[in-house]
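Visitor: pasting the sequence and the predicted model now:
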Amino acid sequence: MTRLRENRVKRKLQAGDIATVISGHNSPDVIDFLGSIGFDGVWLEGEHGPVDYADIPDMTRACDVWGMTSIVRINLNLEGVLYRTLDLGAQGIVTPHIDTADQARDVVKATKFAPVGSRGMATSRQGYGVNDYFAKANDETLIVVLIEDILAIQNLKDILEVNNIDVFFVAPGDLSQSMGFVGQPTHPEVVETIDNTIRQITMTGKIAGALVNDENVKRYIDKGARFLLNSWQEWVISNGKNYLGKVNSATT
Amino acid sequence: MVQLRENRAKRKLKRGDVVTAMAGNNSPDMIDFLGQIGFDTMWIEGEHGPVDFGDIPNLTRACDVWGMTSLIRINLNIPGVIYRTFDLGAQGIAVPHINTAEEAHKVVDAAKFGPIGSRGSATGRQGYGVNDYFAKANDETMIVILLEDIIAIDNLDEILTVDHIDAFYVAPGDLAQTMGYIGQPNHPEVLDTIDAAIEKIVTSGRTAGALVNTDTVDDYIQKGARFFFMNWHGWATAGAQRYLDKVKNLSST
């Protein structure tokens, strides 16, 4: 019998390990290329990015061939959006702007089959040949909620009481905007709020996620974040500029 | 009147400047993102890669918005393939495995309108609103040929007599294979052959191309090559590896 594909990010988080998730422009071919490097999961961008439903099967398959968890950020906290994304092959869902415990519960309800929730009944692409799909699917489905409004920070204690959420990801961009510091995600007040939030999440025994780069990753690991999101694009930009600089200085 | 879009890479090569073609997986969004870094041209892969005719308009448009020359490596030296590639928006083509002067002439004939050649007559996407398209197109069309078989090196003197070729790119991978060193593009004999070919191209007043990386590029500039092929994958991989190693070290302490 075919066994349901393991969710590597979820497994690592459950073991208390760090999960590295990579974002940036993606196509099935780019994901296939990134697969060789060793990331645990790939962030597929459907809140601000171009990922449509019809793109999800090919993109998530490219993740599958490397055993990377496919994580789709959706744009609407609506049942039909959540379960269709999973049906098409996603192993994880990121839902933006979760500000209240009720909204968090809506996410869980739409992404988990009974008895946990009431996800629309269909066998996902991940369930081909898997006879016990409905019994196992909940265990291999990763739920990430984005804490990115000051309102969410105020409601954090309630939100953290909602079960079956794997990661509470504190997103700096919108958070800074909602605090009156648009475009200043590294403003001291914003950073302090993020740090406090990560601490609160970690202290309640839940898993915190953070947006990191090469410079601040140590800081966030030390703070307790375990779900780390980075983007490959900066590496190409900095190395590309370095190369072009070298060409310029060799010719002038 | 709309002016025909300038071919940045071709202009720079004419002035003797260095041009870097950026290769790696591409999609219109990927090209749009790479545009900010400052490359002169994007190498769009249709010899070994997935680029089909139907992909060319969107891929080349993404180059256009950043003023980067769209350069497509095709897989067949056939007129129908060459002119269709231009018609769909490419500003340049790279043609693999050119081994004789005759094959090089064939490329020019298919890529240039009369009186130079006999490119199939059609206004490409690049010609929208350009009334003098047929008069100007040849000037903005870049031709790169790949010298990548030992037979091409043997025939190099003759090949270099063919006009209207903007860059003679000496490609190490296949060259090594045809020299009996499959998978060893850095074999000393292969490197010597590449250097000698570049020298001959440069001495004859033509533009030589080479595969480089950040460590080797100055060396090839010194040798006189001006057209470079570079792939961004190595940069993503190197950056990613450093980052993942850092995370690993931090989580094990």
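Guide: Thanks, I have it.

Visitor: so residue A:167 sits against residue A:207, correct?
Guide: Yes - at 5.1 Å, residue A:167 counts as touching residue A:207 under the criterion of CB atoms under 8 Å. C-beta here means a position set from N, CA and C on the backbone, and glycine is covered the same way.

Visitor: the more surrounded of those two?
Guide: Neighbour tally, residue A:167 and residue A:207, criterion other CB atoms under 10 Å in any protein chain shown: the higher count belongs to residue A:167, 28 against 20.

Visitor: for that one, what are its contacts?
Guide: By CB atoms under 8 Å, 6 or more residues apart in numbering or on different chains, the residues touching residue A:167 are A:13, A:142, A:143, A:144, A:145, A:207, A:208, A:209, A:226, A:227.

Visitor: now residue A:117
Guide: By CB under 8 Å, 6+ apart, the contact list for residue A:117 reads A:108, A:109, A:110, A:111, A:164.

Visitor: by proximity to chain A, which residue of the stretch 51-200 of chain B wins?
Guide: residue B:51 (10.8 Å; CB to the nearest CB).

Visitor: so what's that residue up against?
Guide: Residue B:51 touches B:26, B:44, B:45, B:59, B:72, counting by CB under 8 Å, 6+ apart.

Visitor: list buried residues within those.
Guide: Neighbour counting by 16 or more other CB atoms under 10 Å in any protein chain shown classes B:26, B:44, B:45, B:59, B:72 among the contacts of residue B:51 as buried.

Visitor: ok now stretch A:25-32, how far from the chain's centre?
Guide: 17 Å (CA atoms, centre = their mean, to the nearest Å).

Visitor: among the contacts of residue B:51, which are in helices?
Guide: The helices, defined by DSSP state H, take in residue B:59 from the contacts of residue B:51.

Visitor: TSV please, covering the contacts of residue B:51 and showing distance to chain A.
Guide: Compiled in TSV, the contacts of residue B:51 are given as follows (distance: CB to the nearest CB, whole Å):
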residue	distance to chain A
B:26	9
B:44	13
B:45	10
B:59	12
B:72	17
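
Visitor: can you list the contacts of residue B:51 in CSV and add pLDDT?
Guide: As requested, those are exported to CSV (pLDDT from 0 to 100):
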residue, pLDDT
B:26, 84
B:44, 97
B:45, 96
B:59, 95
B:72, 98
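
Visitor: buried set for the one helix or strand residue A:189 maps to?
Guide: For residue A:189, the enclosing helix or strand under DSSP states H and E is helix A:188-203. By neighbour count, with 16+ other CB under 10 Å as the criterion, the buried positions of helix A:188-203 are A:190, A:191, A:193, A:194, A:195, A:197, A:198, A:200, A:201, A:202.

Visitor: helix, strand or coil for the closest residue to residue A:220 other than its chain neighbours?
Guide: Spatial nearest neighbour of residue A:220, excluding adjacent residues (CB to CB, 6 or more residues apart in numbering or on different chains): residue A:210 at 4.3 Å. Using DSSP: H, G, I helix; E, B strand; the rest coil, the three-state assignment for residue A:210 comes out as strand.

Visitor: burial measure for the residue of the stretch 1-150 of chain B found nearest chain A, as a count.
Guide: Per CB to the nearest CB, residue B:37 is where the stretch 1-150 of chain B lies closest to chain A, at 4.1 Å. Other residues near residue B:37 come to 20 when the count uses other CB under 10 Å.

Visitor: is it in contact with residue A:237, as I believe?
Guide: Yes - counting by CB under 8 Å, residue B:37 touches residue A:237, with 5.8 Å between them.

Visitor: count the residues that sit near residue B:227.
Guide: Using other CB under 10 Å, residue B:227 has 27 neighbouring residues.

Visitor: beta partners of it?
Guide: residue B:19, residue B:209 (DSSP bridges).

Visitor: wait, what's in contact with it?
Guide: Going by CB under 8 Å, 6+ apart, residue B:227 touches B:9, B:13, B:18-19, B:21, B:144, B:166-167, B:169, B:207-210.

Visitor: what do you get for residue A:204?
Guide: Residue A:204 makes contacts with residue A:160, as judged by CB under 8 Å, 6+ apart.
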